[in-house]
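Novice: Generate coordinates for the sequence data below:
(2 chains)
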Amino acid sequence: GENVEQHPSTLSVQEGDSAVIKCTYSDSASNYFPWYKQELGKRPQLIIDIRSNVGEKKDQRIAVTLNKTAKHFSLHITETQPEDSAVYFCAASTGGATNKLIFGTGTLLAVQP
Amino acid sequence: SAVISQKPSRDICQRGTSLTIQCQVDSQVTMMFWYRQQPGQSLTLIATANQGSEATYESGFVIDKFPISRPNLTFSTLTVSNMSPEDSSIYLCSADTSGANVLTFGAGSRLTVL
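Specialist: Here you go, the predicted structure:
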């Protein structure tokens, strides 16, 4: 089955700096790669996703890149703000009938003001 | 966007007892997913619940321990049976309410087993 690895497990940056979180997946059939943000005590919330037919997607200060050949994808956050502090999870799915998401181990991002 | 409601939001349970968590979606969905999130950990898929058929369990999870019901297209329950302290976790249900493979999560049910 699918296995998703995520690095780093913790990341501390200064406000205004960029943050990059990387994930690798094992199942070459995976075609959907979302990123979720989970604030303390809250539910995971989708922040951006990418499908296998594109290599990059941007939404304001966040972007995701996908390299299907290498089976890895990354989350990029620019101009970080204290409110970006949270745990970020990557995930992968093969879509189709099962449509189940397998999550990475998570990255605790701390943005220091 | 669709709302996913879970209850209870939290509970403290005694070892050996069972607890049923309810999940309600405000739109019809084909599949509902149950995840477990142990303290400080990631989300682990327990099972996928389809209406009208038995749930599909992931490796390491069995029906006797985590029976699931899916009586209609908007509702599901997960029971945590014969609980032990190791079952202390947050249990989340989720569903694709957009039809575009995008999972939305309920707020979670935090169980503490003493």
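
Novice: which neighbours does the one helix or strand residue B:111 maps to have in its sheet, and in what orientation?
Specialist: Secondary structure from DSSP states H and E places residue B:111 in strand B:109-113. Its sheet considered, strand B:109-113 pairs with strand B:10-13 (parallel), strand B:89-96 (antiparallel) by DSSP bridges.

Novice: As a check, name the ranges of all helices in the chain.
Specialist: Just going to use chain A. Under the criterion DSSP state H, chain A contains no helices.

Novice: think we crossed wires, I meant chain B
Specialist: Under DSSP H, chain B gives no helices.

Novice: returning to that earlier point: turn the strands paired with strand B:109-113 into JSON lines, including mean neighbour count and mean pLDDT.
Specialist: C-beta here means a position set from N, CA and C on the backbone, and glycine is covered the same way. Shown next, in JSON lines, are these (neighbours: other C-beta atoms under 10 Å in any protein chain shown; pLDDT from 0 to 100):
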{"stretch": "strand B:10-13", "mean neighbour count": "13", "mean pLDDT": "96"}
{"stretch": "strand B:89-96", "mean neighbour count": "23", "mean pLDDT": "95"}
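
Novice: For residue A:39, which of those is the nearest?
Specialist: Residue A:39 sits nearest to strand B:89-96 of all these, at 13.6 Å, using C-beta to C-beta.

Novice: Output the closest one in PDB, but only the C-alpha positions, please.
Specialist: Taking C-alpha atoms only, strand B:89-96 is exported to PDB below (Å, rounded to 0.1, in the frame of the first residue of the first chain):
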ATOM      1  CA  SER B  89      -6.900   9.200  20.800                       C
ATOM      2  CA  ILE B  90      -8.700  11.600  18.700                       C
ATOM      3  CA  TYR B  91     -11.100   9.900  16.200                       C
ATOM      4  CA  LEU B  92     -12.000  11.900  13.100                       C
ATOM      5  CA  CYS B  93     -14.500  11.200  10.400                       C
ATOM      6  CA  SER B  94     -14.100  12.600   7.000                       C
ATOM      7  CA  ALA B  95     -15.800  12.600   3.600                       C
ATOM      8  CA  ASP B  96     -15.500  14.000   0.100                       C
END
